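S.K.: Generate coordinates for the sequence data below:
(2 chains)
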Amino acid sequence: MFEDWEERYQYMIDLGKDLPLIDNQYKTESNIIKGCQSKVWVHAELQDNKITFTADSDAIITKGIIAILIRTFSNQHPKDIIDADTDFIDAIGLKEHLSPTRANGLVSMIKQLKMYAIAYQTQLN
Amino acid sequence: MPQSGLDLLAMFNINEIRKDFPILSRKVNGKPLVYFDNAATSQTPQQVIDVIVDYYSNYNANIHRGVHTLSQEATDLYEQARQKIQAHFNAKHSHEIILTSGTTDSINLIANGFSSLLKKGDDVIVSALEHHSNIVPWQMLCERTGASLKVIPMNLEGELIMSEYDKLISKNTKLVFVNHVSNALGTINPIEYIIKKAHAVGAAVLIDGAQSTPHIKPDVQDLDVDFYVASAHKLCGPTGVGMLYGKQDWLNKLPPYQGGGEMIAEVTFEKTTYADLPHKFEAGTPNICGGIAFGAAIDYMNAVGFNNIALYENELLEYATKALLDIEGLKIYGTSKQKTSVISFNLDDIHPYDVGTILDKLGIAVRTGHHCAQPIMDFYKIPGTVRASISFYNTKEEIDALVTGIKKAKMMLS
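M.R.: So this is what the prediction gives:
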């Protein structure tokens, strides 16, 4: 998809800058995703049976990564989020971030988004 | 190789030294590795790797209790390593050197030992510059015993404020714990003064040497320090092994840390009597190979020469500080005149994690984050820093690569 790491990272950085920011009232301690070296806040809302995610991070590359996730997962039915596989991460060249030991916590982020979906799915049932 | 005492920087051949470290010729992300995370762990020279291979190839056996030749040979090598460590730190007796799994283990050993000696009303003093491993055990100790934990504050340069220390210390002070060098900022603390003041009120002093020992050769008798701790992997040795120096009288006074084999003299179900020093504190089969390799690492560092190391690293520190400060928006944290070759910095308001990630793509290894010293980051009101820690096997060319990398990160991230 990208020629080299620089283009890929520049793309993530630019995505991070465009990330729809979380409303400040949701930037709380309890909305912080654990397992990231930088701070990541995620907020989820259910409207018309679909989840909308907003997020923020104090690190821009992390923000780019979460922007990609939100693009994929936002405005989806909870069940589709729960069932979504994460192969697309490989396809866009973010695989190196998938290791659970990476300090950016991509794995924790996906887990958190899916947790929200499970919670809302329970409400819908 | 130069001999200590006759060390001359002219005899310090950086190209020859780099050849000793096989890892320095590998590539990371397609670029030559530039390793500036030396304060987290140092790289291992071939001379030490050879000792590890030689041990497992020729001497592997359990020590101190075998009658067979292998066991005797392994025991001799292990005890020779202890003597090397003793000589290096100038301890009076070899049994004052306890081999542990590392600095954290050494600190916990002392904290545990003091839990039966402290009571409510006693004070324990730590410094604002401590690593978490030198805060948490003392917090736990104070919780257990009811003693209070007091903190020597720091100034903006990252130096401990001695006039505040003077106010904290009293006849209630039983223990003072300070690192010799701050891992996050590189500040060299005035431990001579701290020890003298503590001894004047009868308090014991533990100095955490994890970050000083790669740069400085401490003389525990000259310092008159009660306890001094360090890790092998910060000074070209393997991970999982470290040391505790303790004055003989103190080590005799403290109860054993862990029960098990090696540390006993006689066991019946009624009573166990403990072994003499150092074995009283070395329960179970130790990291035998690690201990022997620790000795080899000390030999290696001394062959390079600590005077050479200090001179050369200082030259690199000055070169790097000047070059980094030329980058617009770069701020260095920890600006004491007394510091080792550690540069902790931030770039404008860019998150250190972002800078570290871009540098990694360029093959440059730095540490980012709070460096297990959150109180220091809270003091500066920052989430963390990028830390480049320089060793004697680094070069000016690598510093140039770092500077270029930081400029690239700045361009991409701003």
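S.K.: Mind giving me the packing neighbours of the helix or strand that contains residue B:151?
M.R.: Secondary structure here is read from DSSP states H and E; on that basis residue B:151 sits in strand B:148-152. Counting by 3 or more CB pairs under 8 Å, 6 or more residues apart in numbering or on different chains; DSSP states H and E, the packing neighbours recorded for strand B:148-152 are strand B:123-127, helix B:136-145, helix B:162-168. All C-beta spots, glycine's among them, are computed from the backbone N, C-alpha and C.
S.K.: could you give me the average pLDDT of that strand?
M.R.: The predicted model assigns strand B:148-152 a mean pLDDT of 95.
S.K.: circling back to that earlier point, if you compare the helices and strands packed on strand B:148-152, which one is most tucked away?
M.R.: For these, ranked by mean neighbour count under the definition mean count of other CB atoms under 10 Å in any protein chain shown, the leader is strand B:123-127 at a mean of 23.
S.K.: Now do that one: everything it contacts.
M.R.: For strand B:123-127, the surrounding residues in contact (CB atoms under 8 Å, 6 or more residues apart in numbering or on different chains) are B:118, B:134-135, B:138, B:141-142, B:147-152, B:154, B:160, B:165, B:168-170, B:172-179, B:189, B:198, B:203.
S.K.: repeat that for 6 Å
M.R.: In this structure, residues lying in contact with strand B:123-127 by CB atoms under 6 Å, 6 or more residues apart in numbering or on different chains are B:138, B:142, B:147-152, B:160, B:168, B:172-173, B:175-178.
S.K.: What strands line up against it, and which way round?
M.R.: In the sheet containing strand B:123-127, the strands it pairs with under DSSP bridges are strand B:148-152 (parallel), strand B:173-179 (parallel).
S.K.: gap between the last one and the chain center?
M.R.: Going back to what we said before, that points to strand B:173-179. Distance of strand B:173-179 from the chain centroid (CA atoms, centre = their mean, to the nearest Å) equals 17 Å.
S.K.: And the contacts of the helix or strand following that strand?
M.R.: Scanning the chain past strand B:173-179 towards its C-terminal end, the next helix or strand to appear is helix B:191-200 (assignment: DSSP H and E). Helix B:191-200 is contacted by residues B:169, B:176, B:178, B:180, B:205, B:207, B:225 when judged by CB under 6 Å, 6+ apart.
S.K.: Check stretch A:108-115 too.
M.R.: Stretch A:108-115 has contacts (CB under 6 Å, 6+ apart) with A:33, A:35, A:42, A:66, A:69, A:73, A:82, A:86.
S.K.: on that earlier part again, quick one: which two of the contacts of strand B:123-127 are the most distant?
M.R.: The two members of those with the most space between them (CB to CB) are B:147 and B:160, at 20.8 Å.
S.K.: What about the nearest residue to residue B:168 once chain neighbours are set aside, how many residues nearby?
M.R.: The shortest distance from residue B:168 to any residue that is not its chain neighbour, by CB to CB, 6 or more residues apart in numbering or on different chains, is 4.9 Å, and that residue is residue B:150. The burial count assigned to residue B:150 is 19, neighbours taken as other CB atoms under 10 Å in any protein chain shown.
S.K.: so what's the residue lying closest to residue B:389 once chain neighbours are set aside up against?
M.R.: In space, and not counting its chain neighbours, residue B:389 is closest to residue B:39: 3.5 Å by CB to CB, 6+ apart. Listed by CB under 6 Å, 6+ apart, the contact partners of residue B:39 are B:183, B:342, B:389.
S.K.: Check residue B:164 too.
M.R.: The contact partners of residue B:164, taken as CB under 6 Å, 6+ apart, are residue B:153.
S.K.: how close does it get to residue B:116?
M.R.: Here the distance between residue B:164 and residue B:116 works out to 30 Å (CB to CB, to the nearest Å).
S.K.: ok, back up a step: now mean pLDDT too, for the helices and strands packed on strand B:148-152, in CSV please.
M.R.: Converted to CSV, these look like this (pLDDT from 0 to 100):
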stretch, mean pLDDT
strand B:123-127, 95
helix B:136-145, 89
helix B:162-168, 98
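S.K.: a markdown table for these, including distance to residue B:254?
M.R.: Conversion of those to a markdown table gives the following (distance: least, CB to CB, whole Å):
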| stretch | distance to residue B:254 |
| --- | --- |
| strand B:123-127 | 15 |
| helix B:136-145 | 13 |
| helix B:162-168 | 24 |
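S.K.: What residues does chain A have near chain B?
M.R.: Along chain A, the residues adjacent to chain B under the rule CB under 6 Å from any CB of the partner chain are A:5, A:37-38, A:58-61.
S.K.: circling back to that earlier point, out of the contacts of helix B:191-200, who's nearest residue B:234?
M.R.: Distance to residue B:234 across these (CB to CB) is lowest for residue B:180, with 11.8 Å.
S.K.: wait, what's in contact with the closest one?
M.R.: Applying CB under 6 Å, 6+ apart to residue B:180 gives the contacts B:191, B:207, B:209, B:212.
S.K.: List the beta-bridge partners for the second one.
M.R.: Residue B:207 has the following beta-bridge partners by DSSP bridges: residue B:178, residue B:228.
S.K.: Quick check, pLDDT for it.
M.R.: With respect to pLDDT, residue B:207 scores 97.
S.K.: For it, give me its contacts.
M.R.: B:180, B:191, B:225, B:228.
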